[in-house]
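Peer 1: need the 3D shape of this:
(2 chains)
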2 protein chains.
Amino acid sequence: MRIPILQLDRILLVSIQVDLTDNDAMQFQSDLVERVAAIEALGVAIDITALDVVDSYMARVINDTANMVRLLGAEVVICGIQPFVALTLIEMGRGLLGADCAFNLGQALEMLKGRIAKRGDTRFVGDEDV
Amino acid sequence: MRIPILQLDRILLVSIQVDLTDNDAMQFQSDLVERVAAIEALGVAIDITALDVVDSYMARVINDTANMVRLLGAEVVICGIQPFVALTLIEMGRGLLGADCAFNLGQALEMLKGRIAKRGDTRFVGDEDV
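Peer 2: A predicted model of the protein is given here:
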């Protein structure tokens, strides 16, 4: 299955609901970077609220995806990490390094808006109150 | 596949990306009404940007879903109807009656926020600027 990518002005929202196979992950990453490039997205929120378990493979996929998006020049916030997931991620010795985290999608959007505002590129953001 | 339901404070976002089978549609509708009830959602945005074709079955599913959500007491806005889809829906004699439409997800959220504000129930909305 393909992971839906929602667009809110120049911010993209993705929600990962299930463990991804290798193919799913590659499809997701290419869909996302294409979409970021196509709309020149300013930020991406990756919501993993629905994941009760994140193994080291999924952690790497999420981390890699965040880094790809950042290379394109967009801000990334990961949100919805479950308490048990946070616990196991650290115990496995793998944090979701390199990306900031927020409690939920609402807070992730606020965080992205704040960072985008700091950049000064508010051409499409200010008016619409993303 | 299950359709992901994203939560932004007390507004839910769903993006329908593919034609649904009977089972998918029932699963989607039960997932959505359960989620609306669970968080006492104030609004739901149904994004169909990804659908290039909407046949009469899909139109009915979307319309029924919107009506279910409304029965629970939440506002509904459908967004992202493609120009060609709008054309064929009217030619088929089936509009997405009963639900308001918005150009994109950003505008749908604004519309929902406006309606929710009018209701006066801003307990969870005001502070967070949903």
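
Peer 1: please tell me how far residue A:99 sits from residue B:23.
Peer 2: Here the criterion is CB to CB, to the nearest Å. By it, residue A:99 lies 36 Å from residue B:23. From N, CA and C alone the C-beta is placed, and that goes for glycine too.

Peer 1: before we move on, what about residue A:12?
Peer 2: Applying CB to CB to residue A:12 and residue B:23 gives a distance of 29 Å.

Peer 1: what of residue A:44?
Peer 2: Plainly put, residue A:44 is 32 Å away from residue B:23 if you go by CB to CB.

Peer 1: the two: which is more packed in?
Peer 2: When residue A:44 and residue B:23 are compared on other CB atoms under 10 Å in any protein chain shown, the one with more neighbours turns out to be residue A:44, at 28 against 8.

Peer 1: can you give me the strands in chain A?
Peer 2: Along chain A, the segments classed as strands by DSSP state E run A:5-8, A:11-15, A:43-47, A:75-79, A:100-102.

Peer 1: how about the ones you listed in JSON lines, adding mean pLDDT?
Peer 2: What follows is the strands of chain A, written out as JSON lines (pLDDT from 0 to 100):
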{"stretch": "strand A:5-8", "mean pLDDT": "94"}
{"stretch": "strand A:11-15", "mean pLDDT": "95"}
{"stretch": "strand A:43-47", "mean pLDDT": "96"}
{"stretch": "strand A:75-79", "mean pLDDT": "95"}
{"stretch": "strand A:100-102", "mean pLDDT": "92"}
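
Peer 1: out of these, which is the most enclosed?
Peer 2: Of all the strands of chain A, strand A:43-47 has the most neighbours on average by mean count of other CB atoms under 10 Å in any protein chain shown, namely a mean of 27.

Peer 1: and chain A, which of its residues are near chain B?
Peer 2: Along chain A, the residues adjacent to chain B under the rule CB under 8 Å from any CB of the partner chain are A:1-4, A:6-9, A:13, A:15, A:17, A:47, A:49-50, A:104-106, A:109-110, A:128-130.

Peer 1: what residue ranges in chain A score low on pLDDT?
Peer 2: Low-confidence segments of chain A, defined by pLDDT under 70, are located at A:1, A:94-98, A:121-130.

Peer 1: residue closest to the middle of it?
Peer 2: Against the mean C-alpha coordinate of chain A, by CA atoms, centre = their mean, the closest residue is residue A:46 at 2.6 Å.

Peer 1: just give the closest residue to that residue, not the sequence neighbours.
Peer 2: Once flanking residues are discounted, residue A:46 sits nearest to residue A:78: 4.9 Å by CB to CB, 6 or more residues apart in numbering or on different chains.

Peer 1: brilliant, that's me finished.
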